[in-house]
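>>> let's see this in three dimensions:
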Amino acid sequence: MPERTKLLAAAELPPGSKRCLATPSGEIALFHTEDGFFALDNRCPHRGGPLSEGPVKDGHVACPWHQWRFDLQSGACPNIPGAKVKSHPVEIIDGEVWLTLP
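Residues are numbered from 1 along each chain as shown. Have a look, this model is predicted:
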């Protein structure tokens, strides 16, 4: 059954910021862009690079190790067909960022 977990106050992560956070399901890369908050598993499926350390541009994050790119909403990798990282639903409730985990 899915579980909702409070991550942090939304004000703690200003637009243009990203952070790695520990959750009961493992490390999550949390991104705050002009389009909102997005959460992905923090490990690139290629070699395990930390996605929270990668550059974000045009709705995608690039793995800092080998530049595989992942869509912040879906987790899909447009430059490697079939590659994907798990994305997680994020909600802002009363100024706090909540994550739904499987």
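>>> show me where the protein has strands.
3-9, 17-23, 26-33, 36-41, 56-57, 60-62, 69-71, 87-88, 90-93, 96-101 (DSSP state E).
>>> tabulate these (CSV), appending mean pLDDT and mean neighbour count.
C-betas here are computed from N, CA, C, even on glycine. As requested, the strands of the chain are arranged in CSV below (pLDDT from 0 to 100; neighbours: other Cβ atoms under 10 Å):
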stretch, mean pLDDT, mean neighbour count
strand 3-9, 91, 13
strand 17-23, 95, 15
strand 26-33, 96, 20
strand 36-41, 97, 20
strand 56-57, 96, 14
strand 60-62, 97, 21
strand 69-71, 98, 22
strand 87-88, 96, 18
strand 90-93, 96, 13
strand 96-101, 92, 17
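>>> now render those as a markdown table, adding distance to Asn79.
Shown next, in a markdown table, are these (distance: least, Cβ to Cβ, whole Å):
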| stretch | distance to Asn79 |
| --- | --- |
| strand 3-9 | 29 |
| strand 17-23 | 20 |
| strand 26-33 | 18 |
| strand 36-41 | 16 |
| strand 56-57 | 13 |
| strand 60-62 | 9 |
| strand 69-71 | 6 |
| strand 87-88 | 17 |
| strand 90-93 | 24 |
| strand 96-101 | 27 |
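>>> I figured Leu51 hits Phe70, correct?
Yes: using Cβ atoms under 8 Å, Leu51 is in contact with Phe70, at 6.7 Å.
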